[in-house]
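Asker: here you go, sequence then predicted model.
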Amino acid sequence: MELKYLFYIICLPILIASCVNNSPTDANSTSLLPHNPGTYWVYEDYMLDSNGNIMTNSLIYDSTIVAGNITIHDTTGTIFLTYTIGNTGKVDSAFFHSSDQKVYVYSNYFTNILSRLPFSLNIPLPEQWMKLVDENDEDWRLMDQEIPETEIINGVTLSGTISLYGSKSGIATINAESKNFNTKKFTLKMTFSGTVKYSTYNIPINFVRNTYLYFTDGVGLIKSVSDPVKINVFILPPINFPGEEQTLIRHYIAN
């Protein structure tokens, strides 16, 4: 079970960021992410089984609203509040910024996720804007993040490297809100290579997870899909982690 907590940290579908050298400097400018206060999106969110099929009993709803602006490090971003309705009820805040056909997220998004773990994971995250998607590049390396050896449960430590790559993946027609949207598709490929140590055992863990994001200009995120993953850990039975599929069911773009 503890390994599952670790997996969700590394593989959150919309918990993807990049540590980039250039900071965004312009005001929100791309139409991929509308940012006027009062804009909102409502999504239905399902888990996917190991074959990529929807698990019908896993339905929850996520509602995201643009709540205003915030200025951090001389860059003006937008506050997004997400309310989850279903088997859990929570409110998350994230800060996004768009510039030159790029979308950035502020690192507090990931800090909030880490704070909800039942253990402390030693991942130093810089307080900065991090690039999420980029329309100007065909592919790019977003992040290489070392995890120092950290005790995750009594007597068990984890260390390794998370790497994240992004790419433009063409266009796709996505059905949402009972109609078709012409979308721009981005693929985020995340890899983890590391070691779990217990007593005299050094257990290697390696896996890859792809997340697909579909944006429409002037509307925002239409759909996201994260692949299910199976992890083989030494002599233990394979660990299967479900995928996730999130689809827009209602939205409003404020003027």
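Answerer: Structure received.
Asker: hey, let's count contacts and neighbours off CA atoms from now on
Answerer: Noted.
Asker: helix or strand with the lowest mean pLDDT in the protein?
Answerer: Every helix and strand of the chain was ranked by mean pLDDT, DSSP states H and E. The lowest is helix 2-10, at a mean of 38.
Asker: beyond that one, next helix or strand please.
Answerer: Downstream of helix 2-10, the first helix or strand assigned by DSSP states H and E is strand 40-48.
Asker: could I get that next one in PDB with only the CA atoms?
Answerer: Taking C-alpha atoms only, strand 40-48 is exported to PDB below (Å, rounded to 0.1, in the frame of the first residue of the first chain):
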ATOM      1  CA  TYR A  40     -15.300  27.600 -15.200                       C
ATOM      2  CA  TRP A  41     -15.100  24.000 -16.400                       C
ATOM      3  CA  VAL A  42     -16.900  20.900 -15.100                       C
ATOM      4  CA  TYR A  43     -15.400  17.500 -15.800                       C
ATOM      5  CA  GLU A  44     -16.400  13.900 -15.200                       C
ATOM      6  CA  ASP A  45     -13.500  11.900 -13.900                       C
ATOM      7  CA  TYR A  46     -13.200   8.100 -14.200                       C
ATOM      8  CA  MET A  47     -10.500   5.600 -13.200                       C
ATOM      9  CA  LEU A  48      -9.300   3.200 -15.900                       C
END
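Asker: how far away from the center of its chain is that strand?
Answerer: 14 Å (CA atoms, centre = their mean, to the nearest Å).
Asker: got a list of contacts for the helix or strand following that strand?
Answerer: Next helix or strand after strand 40-48 toward the C-terminus (DSSP H and E): strand 60-72. By CA atoms under 8 Å, 6 or more residues apart in numbering, the residues outside strand 60-72 that reach it are 35-46, 76-87, 95.
Asker: one more pass at 6 Å, please.
Answerer: Contacts with strand 60-72, where a contact means CA atoms under 6 Å, 6 or more residues apart in numbering, come from 37-45, 76-86.
Asker: are any of these buried, and which?
Answerer: Neighbour-count burial (16 or more other CA atoms under 10 Å) is assigned, among the contacts of strand 60-72, to 37, 39-45, 76-84.
Asker: which residue, other than its chain neighbours, is closest to Asn51?
Answerer: With CA to CA, 6 or more residues apart in numbering as the criterion, Asn51 has its nearest non-adjacent residue at 7.6 Å, and that residue is Pro228.
Asker: give the contact list for that neighbour.
Answerer: 50, 241-243.
Asker: out of those, which is nearest to Ser167?
Answerer: Within the contacts of Pro228, proximity to Ser167 (CA to CA) peaks at Gly243, which comes in at 19.9 Å.
Asker: burial count for Ser93?
Answerer: 15 (other CA atoms under 10 Å).
Asker: my guess is it contacts Thr78. True?
Answerer: No. Using CA atoms under 6 Å, Ser93 is not in contact with Thr78, being 10.3 Å away.
Asker: so who does Pro204 touch?
Answerer: 194-195 are the contacts of Pro204 under CA under 6 Å, 6+ apart.
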